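Engineer: sharing a model prediction with you, sequence too.
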Amino acid sequence: MADPVTLAAVSIGSNLIGGISQKRAADRAAAAARSASEFNAQLIERDIDLLEKQRNIINANFLVQSAMARSDFERDVQGAVRAGFGFAGIDMSQGSPMAVLRTNARKFEYDQSVAEFNNQINNMQIADEQENSRLSAQLSRMEGGAQAASLRAQGTASLIKSIGASAQTAYNFNIGSRGGAE
């Protein structure tokens, strides 16, 4: 049969080694949790950049469509009105032809205002999505930090528990007292 002091020493040693091992594993898990949350945050932040590119494309498209609409309006709509009245021999400087041209211009300006308003709404929606992505990235980092802290605390608790168990074993076998085991 093995010596009780030897058994106690082995028990103390294995408790301490187990606690240290659990602490190291918890620290590695905490680092992995923080790394995963940072990776997720970076993916989310990538969306912010993509949304900015989308905004630039939408704005450029709006400018091109606006310029084309203005050109088409002047050439096709107003030009057709002028040509029609001019071909009919009607004086274009006053009366119905001018009223038609003005009405067409007001409708065109209204359509352009609606298009500009819709473009602004698109930009506001993109800005909102970007802010949501920023907050999601920040939350991901915070969650990773909290998870890492929790895992480190679990590791520390395991280490403290193993030290306590080792001390209890030592006390039970009177290891470290002057007389040794009785």
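Structural biologist: Structure's in. What do you need?
Engineer: for the rest of this, base every contact and every neighbour count on C-alpha atoms.
Structural biologist: OK.
Engineer: give the residue spans of this structure that score low on pLDDT.
Structural biologist: The chain contains residues with pLDDT under 70 at 1-2, 87-89, 91-95, 175-182.
Engineer: so what's A99 up against?
Structural biologist: By Cα atoms under 8 Å, 6 or more residues apart in numbering, no residues touch A99.
Engineer: which stretch of helix or strand covers it?
Structural biologist: Applying DSSP states H and E as the criterion places A99 in helix 96-172.
Engineer: just I90 next, same as before
Structural biologist: I90 belongs to no helix or strand when elements are defined using DSSP H and E.
Engineer: where's the closest residue in space to it that isn't next to it in sequence relative to R106, distance?
Structural biologist: Spatial nearest neighbour of I90, excluding adjacent residues (Cα to Cα, 6 or more residues apart in numbering): P97 at 8.0 Å. To R106, P97 is 14 Å away according to Cα to Cα, to the nearest Å.
Engineer: out of the two, which sits in the busier spot?
Structural biologist: Between P97 and R106, counted using other Cα atoms under 10 Å, P97 has the larger neighbour count: 18 against 12.
Engineer: show me the contact partners of stretch 138-158.
Structural biologist: For stretch 138-158, contacts defined as Cα under 8 Å, 6+ apart pick out 19, 22-27, 29-31, 33-38, 40-41.
Engineer: so of those, which ones are in strands?
Structural biologist: When the contacts of stretch 138-158 are checked against strands (DSSP state E), there are no matches.
Engineer: now those: which count as buried?
Structural biologist: Buried subset of those (neighbour count, 16 or more other Cα atoms under 10 Å): 19, 22-24, 26-27, 29-31, 33-35, 37-38, 40-41.
Engineer: just to check, the residue nearest to I90 is in contact with F85?
Structural biologist: Yes. Counting by Cα atoms under 8 Å, F85 is a contact partner of P97 at 6.7 Å.
Engineer: can you count the residues close to V64?
Structural biologist: 12.
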